[in-house]
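>>> Sequence unavailable; structure follows:
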């Protein structure tokens, strides 16, 4: 059989193939009902759901402490100004924290200076309190009025260890301050560890190696 005859046979076979039912005018996008999707809407919904919280952020424990139920932190209700009546430097702030731990303030001995993020978590322009000079500060009104307007943090400036960060509750700004600066205050904080609940029968039957 010649090459031309082979080509004719093949062409004939292709022409004899019948179209499948339902294939007429098939539009892939329409058949699959595809829609453009960027994912932004779902991400926004997840963020909103994650940010929802039932109940107040801060809770007065009635023992001189305030709990931040969103971050599992416990703060002093009053800061160092109520003890000293003036500002203190960073070294004195650390001594103050050490004294709180020695006395087991509110029953705890793990008080510490806060981080920048923790100090910032107290700040909100939506709330209004007053500092020792009557200036407006933006921390929850559960914290005692008449406190200092700022607080030392434990964060030290890289390559400049003589500086540490303080946080301003009037403006919401942080600042690298020389550790000898005596115009800053401190509000102690601790991590509030929540014990995992378990039924009484399990506690009674738990065995230790």
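Perfect, thanks for sending it. All values derive from a computational prediction rather than experimental measurement. Residues are numbered from 1 along each chain as shown.

>>> Run through the residues that contact the residue lying closest to residue 123 once chain neighbours are set aside.
Distances taken as CB to CB, 6 or more residues apart in numbering place residue 172 nearest to residue 123, at 4.9 Å, with adjacent residues excluded. For every residue, glycine as well, the C-beta is placed using N, CA and C. By CB atoms under 8 Å, 6 or more residues apart in numbering, residue 172 lies in contact with 120, 123, 125, 138.

>>> how about stretch 158-165: buried residues?
163-165 (16 or more other CB atoms under 10 Å).

>>> So, low pLDDT: which residues of this structure?
1-54, 194-209 (pLDDT under 70).

>>> Where do the strands of it begin and end?
In the chain, the segments counted as strands under DSSP state E are 58-60, 65-68, 73-76, 129-130, 136-137, 150-157, 160-168, 174-178, 189-191.

>>> I'd like the ones you listed as JSON lines, with distance to residue 106 appended.
Converted to JSON lines, those look like this (distance: least, CB to CB, whole Å):
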{"stretch": "strand 58-60", "distance to residue 106": "12"}
{"stretch": "strand 65-68", "distance to residue 106": "5"}
{"stretch": "strand 73-76", "distance to residue 106": "8"}
{"stretch": "strand 129-130", "distance to residue 106": "21"}
{"stretch": "strand 136-137", "distance to residue 106": "23"}
{"stretch": "strand 150-157", "distance to residue 106": "18"}
{"stretch": "strand 160-168", "distance to residue 106": "22"}
{"stretch": "strand 174-178", "distance to residue 106": "27"}
{"stretch": "strand 189-191", "distance to residue 106": "9"}
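
>>> For residue 88, which of those is the nearest?
Nearest of the strands of the chain to residue 88, taken as CB to CB: strand 150-157 at 8.1 Å.
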